[in-house]
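*Asks:* Okay, predicted coordinates and the sequence, questions at the end:
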There are 2 protein chains.
Amino acid sequence: MSQLTESINQMVALTSEEREIIEKAYKTVHIPKGAFWVEQGKRCKEVGFVVSGKLRFYYHDEDGNEITCYFITEGQFMSSFTSFLTNAPARENVVTIEDTELRVINQEELEALSVLVPKMHVFRRINAENLFISMEKRVNMLQSQSAFERYEKMLHESPDIILSVPLQYTASFLGITPQHLSRIRKELTK
Amino acid sequence: MSQLTESINQMVALTSEEREIIEKAYKTVHIPKGAFWVEQGKRCKEVGFVVSGKLRFYYHDEDGNEITCYFITEGQFMSSFTSFLTNAPARENVVTIEDTELRVINQEELEALSVLVPKMHVFRRINAENLFISMEKRVNMLQSQSAFERYEKMLHESPDIILSVPLQYTASFLGITPQHLSRIRKELTK
DNA sequence: ATGAATTCTTAACAATTGTTCAGGTGACGA
DNA sequence: TCGTCACCTGAACAATTGTTAAGAATTCAT
């Protein structure tokens, strides 16, 4: 079976029947590098699982600056969750930074699947909890650490992202300007 | 019935039998002003619902500064979630800033209750999703707004908290020093 | 390979935020 | 009532971060 149910299975043990039902419910989608999966202002009606590839979430603030909210890589469940959960227009754009393969499911299908496989409620809960935990870490970082410390931490925790995306994306993810990140890098190479 | 099941009922419609079961599962606890509910370093094994009162979550960073993570008020579900969910020692202290009444339930009881009332899984999922959404807003704020803007926003969204807690708590919640918040306030009164 | 476009670096200067320290206010118990 | 303590304000100075502008390096399409 696929990575998708493998990942779900790690959170809630599945029977092989359940795995099959789930496999059938999620569709496979290929998105070429640079294409949008979600567009700012439109409703996001799907959640997805990244089989391979990499995506970036970003929005434009009042001054027109691009703010990167997330980088999403292989093995992660993702969506423009706030839009998906509240049915509000998405605040952010989601674009691929590499050719990407997803497994996706829409709202109605997910609800139907959760009826067929009630464990999906538990999975969805655990997933939401994990999202919360990672956001809490991020708030702690932004709230109490300097830009230098935040970059060092990211360098340690996700060097792959830093190496594979333009510096400006990393900078806005950390809440600083590209110029300042460039300065921090220079400082670090000493 | 109580505020507790009223709140749960708003997220997942409950039958009166379910409400009764839930009411019995949650214990009532009174905590006087200034007392700890969770202590940094200990495991948090309960989740709670605030019937009345107000709490503050905070931890000490490497330099010994108190960092306020959350203010929790009436009608909110709360826990030291990362500790509760991962069984790790709590990073933060939770203290009451007013005399507080809680409805609490521990891990085993919650799991047992979720078996008796499977809808609890759905409720817990929705609750986790809501926590995620509020954290996402907070990350956006910290990532892309100035201290001045963050304070203005908080003044608009939770004036009650600003009015009822010492300035230094609000300051660390916003990620700034008390002196700087004092400066911002002065600026605002012009 | 070449030029255009994007991205990155650098530096000077400006704005924001932190640090230190001093004083002032108000609450509260002896 | 008095002193103590916690909290808030203020100002001078320092550190961090943003802004602007220019040039260097890299990427990309042709």
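*Replies:* Perfect, I can see it now.
*Asks:* interface residues of chain A facing chain B?
*Replies:* By C-beta under 8 Å from any C-beta of the partner chain, the residues of chain A that approach chain B are A:61, A:65, A:67, A:69, A:81-82, A:85-86, A:118, A:121-122, A:124-125, A:128-129, A:131-133, A:135-136, A:138-140, A:142-144, A:172-173, A:175. Yep, even glycine has a C-beta here, placed from its N, CA and C like the rest.
*Asks:* Just the buried ones from those residues, in ChimeraX syntax?
*Replies:* The following ChimeraX line selects those of the residues of chain A next to chain B that are buried, judged by 16 or more other C-beta atoms under 10 Å in any protein chain shown:
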select /A:67,69,81,82,85,121,122,124,125,128,129,131,132,133,135,136,138,139,140,142,143,144,172,173,175
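*Asks:* Next step: the residues of chain A next to chain B restricted to strands.
*Replies:* Mapping these onto strands (DSSP state E) picks out A:67, A:69.
*Asks:* which residues of chain A fall in helices?
*Replies:* In chain A, the helices defined using DSSP state H lie at A:3-11, A:16-25, A:81-86, A:107-116, A:119-144, A:147-157, A:159-164, A:167-174, A:178-188.
*Asks:* Adding distance to B:P166 and mean pLDDT, write those out as JSON lines.
*Replies:* Formatted as JSON lines, these follow (distance: least, C-beta to C-beta, whole Å; pLDDT from 0 to 100):
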{"stretch": "helix A:3-11", "distance to B:P166": "41", "mean pLDDT": "97"}
{"stretch": "helix A:16-25", "distance to B:P166": "51", "mean pLDDT": "97"}
{"stretch": "helix A:81-86", "distance to B:P166": "32", "mean pLDDT": "97"}
{"stretch": "helix A:107-116", "distance to B:P166": "44", "mean pLDDT": "97"}
{"stretch": "helix A:119-144", "distance to B:P166": "18", "mean pLDDT": "96"}
{"stretch": "helix A:147-157", "distance to B:P166": "27", "mean pLDDT": "97"}
{"stretch": "helix A:159-164", "distance to B:P166": "39", "mean pLDDT": "94"}
{"stretch": "helix A:167-174", "distance to B:P166": "30", "mean pLDDT": "97"}
{"stretch": "helix A:178-188", "distance to B:P166": "32", "mean pLDDT": "96"}
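*Asks:* Export the ones you listed as CSV, with columns for distance to A:G53.
*Replies:* As requested, the helices of chain A are arranged in CSV below (distance: least, C-beta to C-beta, whole Å):
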stretch, distance to A:G53
helix A:3-11, 12
helix A:16-25, 20
helix A:81-86, 19
helix A:107-116, 22
helix A:119-144, 20
helix A:147-157, 20
helix A:159-164, 11
helix A:167-174, 16
helix A:178-188, 24
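*Asks:* of these, which approaches B:L4 most closely?
*Replies:* helix A:119-144 (19.0 Å; C-beta to C-beta).
*Asks:* What residues does chain A have near DNA strand D?
*Replies:* Residues of chain A found near DNA strand D (C-beta under 7 Å from any atom of the strand) are A:146-148, A:175-177, A:179-180, A:183.
*Asks:* I'd like those as JSON lines, with distance to B:G75 appended.
*Replies:* Listed next are the residues of chain A next to DNA strand D as JSON lines, based on distance: C-beta to C-beta, whole Å:
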{"residue": "A:S146", "distance to B:G75": "36"}
{"residue": "A:A147", "distance to B:G75": "37"}
{"residue": "A:F148", "distance to B:G75": "40"}
{"residue": "A:G175", "distance to B:G75": "31"}
{"residue": "A:I176", "distance to B:G75": "37"}
{"residue": "A:T177", "distance to B:G75": "40"}
{"residue": "A:Q179", "distance to B:G75": "45"}
{"residue": "A:H180", "distance to B:G75": "41"}
{"residue": "A:R183", "distance to B:G75": "45"}
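*Asks:* what's the most distant pair in those?
*Replies:* So, the residues of chain A next to DNA strand D by C-beta to C-beta: farthest apart are A:S146 and A:Q179, at 16.1 Å.
*Asks:* so who does the residue most central in space within chain A touch?
*Replies:* For chain A, A:I72 is the residue whose C-alpha lies nearest the centre (C-alpha atoms, centre = their mean; 3.8 Å). A:I72 sits next to A:50, A:54-57, A:78 when contact means C-beta atoms under 8 Å, 6 or more residues apart in numbering or on different chains.
*Asks:* got the contact list for A:E187?
*Replies:* A:F148.
*Asks:* and the residue of chain A positioned farthest from its centre, what pLDDT?
*Replies:* Distance from the centre of chain A peaks at A:K190, with 33.3 Å (C-alpha atoms, centre = their mean). Looking at A:K190, its pLDDT is 73.
*Asks:* So A:E101 is in contact with A:V29, correct?
*Replies:* Yes. Using C-beta atoms under 8 Å, A:E101 is in contact with A:V29, at 7.3 Å.
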